[in-house]
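In: Kindly return the folded structure for what I paste below:
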Amino acid sequence: MTDTALAQPAERRSSSPLSFLWRRQLDHYPETAPRIFFLGIVVVATIVLYYELYVQGAVAPSIIAQYHMSFMFYVDISVVGNALGAFASLIAGLADRWGRANLVTYGLVVTGLLVLVGLPNASSEWTYAVMFGAVSFVEGIILVATPALVRDFSPQLGRASAMGFWTLGPVMGSLVVAEVASHTLAAGATPPWQGQFHICGVVGLVVAAIAILGLRELSPALRDQLMVSMRDRALIEARAKGLDISESLKRPWRQMLHLDIIGSAFAISVFLLIYYTAV
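Out: From the prediction side, this is the model:
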């Protein structure tokens, strides 16, 4: 074995042709074109996730009638689902172990299958409630990882614009639900509400396939650097090579227990409660 081969990391030497399915970390900050491509995938994924979350609203009367639910039971399903999503966001720290891109990619696969197969084939109101809770739980994890990816691929000077596109997710998700329903329910699908879930599930799996093939993320060393503008790319890559990751991960809770962090988290939580109530 040559000195060059020995110098290569064991992980890289033993990588298989399919390693791109789970090894998504970039060792260099991407150029503008691929960076915009990654951001585009994240924004589209966010729109689809909200589409999957809101699709039941387009056919709520049919779902209530199908399972002989009370209106209060239907509302409770949404409330419990949102609570599960909020709880799931607390365990999104798995992103550091499994990778943010992997959570988004394979989370899309799970939610797509649940929407395509699980929800429309639920045998009872309780089965439907469990399926919707599972969708909400997985989406709670993913919707923490997607803004983190936007942050990673956006220099500080352009981050507001990038996050602005990310916030299109809830609005565009609602519009997609309305647009698809208005063009397909009139076609007389039988039964109509299952058809909405089938369409939504297929769309979710198509976007998941795009994410599997194209979505990447920065290595931990790179994303922990502060990048003010694209001119800082060489600087952060140089700093990343000497960064002690294990030291930076010590006492994570103490790093978070500050008024500016807790206060803003509480504020956005209250805002989201009002927003979801309005929706």
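In: which stretches of the chain have low pLDDT?
Out: The chain contains residues with pLDDT under 70 at 1-22, 92-97, 155-159, 186-191, 220-249, 279.
In: Can you name the next helix or strand after the longest helix anywhere in it?
Out: Longest helix in the chain by number of residues, with DSSP state H as the criterion: helix 125-152. Using DSSP states H and E, the helix or strand that follows helix 125-152 towards the C-terminus is helix 159-166.
In: unless I'm mixing things up, Asp152 is touching Leu218, no?
Out: Yes - counting by C-beta atoms under 8 Å, Asp152 does reach Leu218; the two are 4.8 Å apart. The C-beta positions use only the backbone N, C-alpha and C, and glycine is treated the same way.
In: so where do the helices sit in the stretch 151-279 of the chain?
Out: Under the criterion DSSP state H, counting those that start in this stretch, helices of the stretch 151-279 of the chain are mapped to 159-166, 168-184, 192-214, 220-223, 233-241, 245-248, 252-256, 259-278.
In: which one of those lies closest to Ala101?
Out: For Ala101, the closest of those is helix 192-214, at 7.6 Å, according to C-beta to C-beta.
In: now what about that closest one, what contacts it?
Out: 21, 37-38, 41, 44-45, 48-49, 51-52, 55-56, 58-59, 62-63, 66, 101, 104-106, 108-109, 111-117, 119-120, 180-181, 184-185, 189 (C-beta atoms under 8 Å, 6 or more residues apart in numbering).
In: Using ChimeraX, define a selection of the buried residues within these.
Out: A single ChimeraX command is used to select the members of the contacts of helix 192-214 judged buried by 16 or more other C-beta atoms under 10 Å:
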select :38,41,44,45,48,49,51,52,55,56,58,59,62,63,101,104,105,106,108,109,111,112,114,115,116,119,120,180,181,184,185
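In: element containing Val80?
Out: Counting by DSSP H and E, Val80 is found in helix 71-90.
In: so what does that helix touch, helix or strand wise?
Out: helix 60-67, helix 125-152, helix 259-278 (3 or more C-beta pairs under 8 Å, 6 or more residues apart in numbering; DSSP states H and E).
In: just so I know, which of those helices lies nearest Pro252?
Out: Short answer: helix 259-278, nearest of those by C-beta to C-beta, at 11.8 Å.
In: just the angle between the closest one and helix 168-184, please?
Out: Counting by axes from the mean of the first three to the mean of the last three C-alpha atoms, to 10 degrees, helix 259-278 lies at 10 degrees to helix 168-184.
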